[in-house]
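Novice: show me the folded form of this:
(2 chains)
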Amino acid sequence: RKEVEQDPGPFNVPEGATVAFNCTYSNSASQSFFWYRQDCRKEPKLLMSVYSSGNEDGRFTAQLNRASQYISLLIRDSKLSDSATYLCAVNDGAGGSYIPTFGRGTSLIVHP
Amino acid sequence: IAGITQAPTSQILAAGRRMTLRCTQDMRHNAMYWYRQDLGLGLRLIHYSNTAGTTGKGEVPDGYSVSRANTDDFPLTLASAVPSQTSVYFCASSDPGLPGNEQFFGPGTRLTVL
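Specialist: Below you'll find the predicted structure:
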């Protein structure tokens, strides 16, 4: 069982819709959390870090729920260009080694 | 160079051959990583290096070796390639000293072992 779990989707939504992804993690000592975006046949790129108080960047909102051990990503007013795979990453920072564990990704398809 | 570069972009290799995938970063990041990405399995860590001169094993290290002679370069070697090593390989770097410690990825190498 992977330590970081995501619903693989695909999530198929119309333009303008609001869509939310969750990512659960098993290590309660995890310290930092991220959402990455990966386009087809490209490398992952950081979308946003996830802070304890939650954070927002334009149409994107990320939240952390430590009690239930999950992070979420909310995308409002979806655009065609939001179509991609979204990877969550969790870093426990154990022993000074900052090696994140990635989820397998959630595929989003935004259609006209 | 800006960020991380990988070479080659793609390669078709006969089984049993030796292959080195190159990775270079110019951000002076201490930590570097090699991942493979396969459909349905996501990113899996092969090897990592927290700083020049040190390396560690990740989730799937068998059949691969790495070296970290300096800060910028982190080559991955397949000593004797097998078809199960067909994959997309991503190199990444990060600097734990910076807030967030997010990873920066190279463009990837698509490797096919026949």
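Novice: going forward, measure contacts and count neighbours with C-alpha atoms only.
Specialist: OK.
Novice: show me where chain A has strands.
Specialist: Ranges of strands within chain A are A:4-6, A:11-14, A:19-25, A:32-38, A:45-50, A:55-57, A:60-65, A:70-75, A:84-91, A:100-102, A:106-111, based on DSSP state E.
Novice: tally up the residues packed near the residue lying closest to residue A:99 once chain neighbours are set aside, please.
Specialist: Using CA to CA, 6 or more residues apart in numbering or on different chains and skipping residues adjacent in sequence, the residue nearest residue A:99 is residue A:91, 6.0 Å away. Counted with other CA atoms under 10 Å in any protein chain shown, the burial measure for residue A:91 works out to 21 neighbours.
Novice: quick one: residues contacting residue A:91.
Specialist: When contacts are counted by CA atoms under 8 Å, 6 or more residues apart in numbering or on different chains, residue A:91 touches A:30, A:31, A:32, A:33, A:98, A:99, A:100, A:101.
Novice: dump the residues you listed to CSV, plus neighbour count, pLDDT and distance to residue B:20.
Specialist: Supplementary listing: the contacts of residue A:91 in CSV, determined by neighbours: other CA atoms under 10 Å in any protein chain shown; pLDDT from 0 to 100; distance: CA to CA, whole Å:
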residue, neighbour count, pLDDT, distance to residue B:20
A:30, 16, 85, 34
A:31, 16, 82, 34
A:32, 21, 87, 32
A:33, 27, 91, 32
A:98, 21, 70, 25
A:99, 24, 81, 23
A:100, 21, 85, 24
A:101, 20, 89, 25
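Novice: picking up where we left off before, what is the residue nearest to residue A:99 paired to in the beta sheet?
Specialist: According to DSSP bridges, the residues that bridge with residue A:91 are residue A:32, residue A:100.
Novice: which pLDDT value goes with it?
Specialist: Reading off the per-residue confidence, residue A:91 sits at a pLDDT of 85.
Novice: that one and residue A:38, how far apart?
Specialist: With distances defined as CA to CA, to the nearest Å, the gap from residue A:91 to residue A:38 amounts to 19 Å.
Novice: same thing with residue A:3?
Specialist: The spacing between residue A:3 and residue A:38, counted by CA to CA, is 20 Å.
Novice: out of the strands of chain A, deepest packed?
Specialist: When neighbours are counted by mean count of other CA atoms under 10 Å in any protein chain shown, the highest per-stretch mean among the strands of chain A falls to strand A:84-91, a mean of 25.
Novice: residue nearest the centroid of chain B?
Specialist: With the centre of chain B defined as its mean C-alpha position, the nearest residue by CA atoms, centre = their mean is residue B:34, 2.8 Å away.
Novice: what's the nearest residue to it if we skip its chain neighbours?
Specialist: Ranked by CA to CA, 6+ apart and with sequence neighbours excluded, the top spatial neighbour of residue B:34 is residue B:91, at 4.6 Å.
Novice: so that neighbour, which of the three states?
Specialist: The three-state label given to residue B:91 by DSSP: H, G, I helix; E, B strand; the rest coil is strand.
Novice: gap between it and residue B:82?
Specialist: The spacing between residue B:91 and residue B:82, counted by CA to CA, is 20 Å.
Novice: neighbour count winner among those two?
Specialist: Of the pair residue B:91 and residue B:82, residue B:91 is the one with more neighbours under other CA under 10 Å, namely 32 against 18.
Novice: in this structure the more buried one contacts residue B:6, no?
Specialist: Yes - Residue B:91 is within contact range of residue B:6, at 7.3 Å (criterion: CA atoms under 8 Å).
Novice: let me see the contact set for the residue in chain B positioned nearest to chain A.
Specialist: Closest residue of chain B to chain A, CA to the nearest CA: residue B:42 (4.1 Å). Applying CA under 8 Å, 6+ apart to residue B:42 gives the contacts A:102, A:103, A:104, A:105.
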